[in-house]
Structure formats: C-alpha cells, structure tokens
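In: everything below, folded, please.
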Amino acid sequence: MFATPEQFAATNKANIETVLTLANAAFASAERLAALNLNTARVFLEDGVANTKALMAVKDAQEFVTIQSTLAQPAVEKMVAYARSVYEIATQSQDEVSKLMEGQIAEVNKGVAEALDKAAKSAPAGSDVAVAAVKSAIAAANSAYDSMNKAAKQVAEIAEANVAAATSATVKAVGTAQKAGTKKAA
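Out: As a prediction, the model looks like this:
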C-alpha cells in the first residue's frame with residue numbers, strides 16, 4: 001500500500017521527462033517565433049528600402065498616388081501573413097502542451113485508480129461505499145475535465161475561423177480602398 005523507493009524514483013523520472021518535454025516544446029516554439037520575427041524584419045527592411053527608392057523617383061502627384069496605392073496592398077498582406085504565422089505557432093504550441101497534459105492526467109487517473117483498488121482489497125469490511133464514492137467523484141471530475149476540454153477546443157476552432165474571416169476581410173478592404181484611391185487620383 002505504501003510507495004517503495006523504486007516507485008518514487010520512477011515517478012520522479014517520469015516527472016523530469018515531462019518537464020523536459022515541456023521545455024523542449026517551449027524552446028522549439030520560441031525558436032520558430034524568433035526565426036519568423038527575423039525573417040519578417042528582413043523582408044520589411046528590404047521592402048522599406050525599395051519603397052523609399054520608388055517614392056524618391058516620383059516626378060508628379062499622380063505618380064505618387066499610383067505608387068503609394070500599389071505599395072499598401074503587399075504590406076498589408078505581409079502583416080496579415082505574419083499575424084497568421086504567429087497565431088499558428090501559438091496554436092501548435094498550445095496543442096503540444098494540451099496533449100502532454102492530457103497524457104499526464106490519464107497517468108495520474110490510472111495511478112489513483114490502481115491505488116484505490118489496492119486500498120479496497122485491504123480495507124475493512126463495509127468500506128466499499130467509501131471507495132465507490134471516491135471512484136464516482138474521480139469519474140465525475142474526469143467527465144467535467146473532458147467537457148471543459150471539448151468546449152475549449154470548440155472555442156479555439158471558432159476563434160480560428162474568426163481570425164481567418166477577419167484577415168480575409170482586412171485584405172479585401174485594403175484592396176477596395178486602394179482601388180477607390182487610384183480612381184480618385186485619375
């Protein structure tokens with residue numbers, strides 16, 4: 001009924017492996033985010049230099065309006081792509097952590113169930129009701145956790161759909177405004 005030193009060692013080893021897995025996932029996400037940020041900064045710097053050169057070569061107001069309107073759309077599209085990439089990295093990181101935590105919770109539940117079964121075998125007569133009540137409470141807690149987990153996944157899916165719709169609307173709105181600005185200048 002009591003844990004042995006080997007059981008403590010196995011538990012500690014499993015916990016350390018879990019922490020290392022979480023740390024590796026966090027570092028991988030940070031690495032991807034840093035690479036994205038560096039690449040985005042490089043692209044915006046290069047585009048800024050090219051755009052400045054193009055604007056400096058302008059000869060009249062009509063050409064300025066035309067060039068300015070053609071420069072806006074790609075910049076907005078790149079910002080939307082950047083935001084989408086950050087969102088994807090965050091979502092993937094959250095999924096990795098969720099899967100790991102679900103595995104940990106399953107292991108804890110398995111351990112508790114095994115401990116309850118062992119305790120029930122060595123418990124005095126009449127304690128069946130208490131063991132059944134604890135098992136029922138654990139089942140209810142697991143059911144509540146599963147329900148909350150499913151609800152959180154649905155909220156994440158809705159949020160992802162909303163982000164996709166908002167980014168699409170933003171790109172379309174900028175394109176429409178750009179076309180309207182070009183027509184006014186003409």
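In: where does the protein dip in pLDDT?
Out: Judged by pLDDT under 70, the chain has its weakly predicted residues at 1-3, 174-175, 177-186.
In: the helix ranked longest in it - contacts with which helices or strands?
Out: Among all segments of the chain classified by DSSP state H, the helix with the greatest residue count is helix 61-122. For helix 61-122, the helices and strands in contact under the criterion 3 or more CB pairs under 8 Å, 6 or more residues apart in numbering; DSSP states H and E are helix 5-56, helix 128-185. Where you see a C-beta, it was placed from the backbone N, CA and C, and this is true even at glycine.
In: what angle do helix 5-56 and that helix make with each other?
Out: Regarding helix 61-122 and helix 5-56, their directions subtend 170 degrees when assessed with axes from the mean of the first three to the mean of the last three CA atoms, to 10 degrees.
In: what about helix 61-122, distance to the chain center?
Out: For helix 61-122, the separation from the chain centroid amounts to 1 Å (computed by CA atoms, centre = their mean, to the nearest Å).
In: tell me the angle of it relative to helix 128-185?
Out: Between helix 61-122 and helix 128-185, the angle comes out at 180 degrees (the same axes, to 10 degrees).
In: so which of the helices and strands packed on helix 61-122 is nearest A72?
Out: helix 128-185 (5.7 Å; CB to CB).
In: which elements pack onto that closest one?
Out: Using 3+ CB pairs under 8 Å, 6+ apart, the elements in contact with helix 128-185 are helix 61-122.
In: one step back: now the helices and strands packed on helix 61-122 as JSON lines including mean neighbour count?
Out: Below are the helices and strands packed on helix 61-122 laid out as JSON lines (neighbours: other CB atoms under 10 Å):
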{"stretch": "helix 5-56", "mean neighbour count": "12"}
{"stretch": "helix 128-185", "mean neighbour count": "12"}
